[in-house]
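Chemist: Okay, here's the prediction I keep looking at, along with the sequence it came from:
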Amino acid sequence: MIDVKQLTRDFNLIREKSPLVHNITNFVVMNNTANGLLAIGASPVMAHAVEEMEDMIAIASALVINMGTLSKRWVEAMLLAGKAAKERKIPVIFDPVGAGATPYRSETASIIIKECKPDIIRGNASEIMSLVKSDTITKGVDSAAKSESALEMGKELALQIGAVVSISGQEDFITDGKNVNTVKNGSLMMPKVTGLGCTASSITGAFAAVNRDMLAAASHAMAVMGVAGELAAQKSDGPGSLQVHFLDTLFNLTEDILIKKLRQ
């Protein structure tokens, strides 16, 4: 169960402290995720060069690794940044985009988990299932399964690697292997906008920067995403206008709205 007092506290802390969230993310979503972080009050940086990884981690409050558009050089940067973040006790969030779609993606995801030891893994149902069961099929970067079908495997993964697993879908499930939080907010239109899942991972980084309880941080991020997405969809005629309304809603979100609208 999400503690709404903790949720609003963390929400306000992000706006007060504006934590720097270092994103090693993909070409498709850089603009979306940076704007999402700005709208909630965090400070985004999108840096991929191996040569500056350690220096960037030294000033960051959280690291988000997103493997949406993979390349060998970027994987090197991810591994370097992840190891540096763990040394500095900076939370690491991993988004295994498209895991299970190709052997290269699945292998890369496994290496990142082993080498970087993420604190939170956030993905859709198929991605999470593929990290546990290698023969799970992912439809490109989209989920071929519902979030509830991945919950048991999510629990298994969380216990196996000692991380929080956040499964997005029509309902969001966030688990440390023993406890499970559920967020029922959102809209069926949200998966029609590319990058909203990646934005959820980046916002998870912002919450992890202000709350080192990773189960709470991941849950609070999905609560904010769900409430903002649901309210934005009510004003939108389709996915194009949803993108605009989502950022505006996130920017104008208040603790009173969160408390009133959160369903769990």
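Modeler: Done, it's in.
Chemist: Would you map the strands across the stretch 1-150 of the chain?
Modeler: For the stretch 1-150 of the chain, the strands defined by DSSP state E, counting those that start in this stretch cover 20-24, 43-46, 62-66, 92-95, 120-124.
Chemist: What segments of the stretch 151-264 of the chain are helices?
Modeler: 151-161, 196-210, 214-234, 239-252, 255-261 (DSSP state H, counting those that start in this stretch).
Chemist: quick one: the longest one to helix 239-252, angle?
Modeler: On the basis of axes from the mean of the first three to the mean of the last three Cα atoms, to 10 degrees, helix 214-234 is oriented at 130 degrees to helix 239-252.
Chemist: tell me what helix 214-234 is packed against?
Modeler: helix 4-17, strand 120-124, strand 164-168, strand 172-175, strand 180-183, helix 196-210, helix 239-252, helix 255-261 (3 or more Cβ pairs under 8 Å, 6 or more residues apart in numbering; DSSP states H and E). Glycine gets a C-beta too; all of them are placed from N, C-alpha and C.
Chemist: Adding distance to residue 227 and mean pLDDT, write these out as JSON lines.
Modeler: What follows is the helices and strands packed on helix 214-234, written out as JSON lines (distance: least, Cβ to Cβ, whole Å; pLDDT from 0 to 100):
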{"stretch": "helix 4-17", "distance to residue 227": "10", "mean pLDDT": "97"}
{"stretch": "strand 120-124", "distance to residue 227": "17", "mean pLDDT": "96"}
{"stretch": "strand 164-168", "distance to residue 227": "14", "mean pLDDT": "96"}
{"stretch": "strand 172-175", "distance to residue 227": "11", "mean pLDDT": "96"}
{"stretch": "strand 180-183", "distance to residue 227": "9", "mean pLDDT": "96"}
{"stretch": "helix 196-210", "distance to residue 227": "12", "mean pLDDT": "97"}
{"stretch": "helix 239-252", "distance to residue 227": "8", "mean pLDDT": "96"}
{"stretch": "helix 255-261", "distance to residue 227": "5", "mean pLDDT": "95"}
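Chemist: Determine which of the ones you listed approaches residue 25 most closely.
Modeler: Closest of the helices and strands packed on helix 214-234 to residue 25 is helix 196-210, at 6.3 Å (criterion: Cβ to Cβ).
Chemist: Report the distance from the closest one to the chain centre.
Modeler: Its chain's average C-alpha position is 5 Å from that of helix 196-210, according to Cα atoms, centre = their mean, to the nearest Å.
Chemist: again with stretch 16-29
Modeler: Counting by Cα atoms, centre = their mean, stretch 16-29 comes out at 11 Å from the chain centroid.
Chemist: And stretch 187-198, by the same measure?
Modeler: Offset of stretch 187-198 from its chain centre (Cα atoms, centre = their mean): 13 Å.
Chemist: Residues in contact with that stretch: which ones?
Modeler: The contact list for stretch 187-198, computed with Cβ atoms under 8 Å, 6 or more residues apart in numbering, reads 25-26, 28-29, 32-33, 66, 68, 95, 97, 122-124, 142, 168, 170, 225, 229-230, 232-233, 236, 238-239, 242-243, 246.
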